[in-house]
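1. please work out how this folds:
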Amino acid sequence: MVENLELIDRSFLDADVQARWINTTKDAKKVIEMGLNLRVQFIGSEEEVIREIAELEMNDFASQGSNSF
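-> Here you go, the predicted structure:
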């Protein structure tokens, strides 16, 4: 029974992390759009820059220990 609860907890955690990643990636795309409109030049492909921005945001979120988006 305890193992089943742990599996459910992990599933919710995985789903939460996946939802955070999707939202963070969408926000990163908006940051790039804004940067391009301001004539900011990025180094690397758009996908690489989006991933880097999203990873920075996810790391910042994890270091805050928050449970909200």
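2. show me the shaky parts of the chain.
-> 1-12, 65-69 (pLDDT under 70).
3. helices of that one, start to end?
-> Applying DSSP state H to the chain gives helices spanning 2-37, 46-64.
4. what's the most buried one of these?
-> Highest mean neighbour count among these (mean count of other CB atoms under 10 Å): helix 46-64, with a mean of 14. All C-beta atoms are positioned from the backbone trio N, CA, C, and that covers glycine.
5. what distance separates stretch 19-28 from the middle of the whole chain?
-> A distance of 4 Å separates the centroid of the chain from that of stretch 19-28, by CA atoms, centre = their mean, to the nearest Å.
6. list the contacts of that stretch.
-> By CB atoms under 8 Å, 6 or more residues apart in numbering, the surrounding residues in contact with stretch 19-28 are 49-51, 53-54, 57-58, 61, 69.
7. let me know the closest of those to Lys29.
-> Ile50 (5.9 Å; CB to CB).
8. how far away is the closest one from Asp60?
-> Applying CB to CB, to the nearest Å, the value for Ile50 to Asp60 is 16 Å.
9. same question, Glu33
-> Where Asp60 is concerned, Glu33 sits at a distance of 20 Å (CB to CB).
10. how about Val31?
-> From Val31 to Asp60 the distance is 13 Å (CB to CB).
11. what do you get for Ala54?
-> 11 Å.
12. check Arg39 too.
-> When Arg39 is compared with Asp60 (using CB to CB), they lie 26 Å apart.
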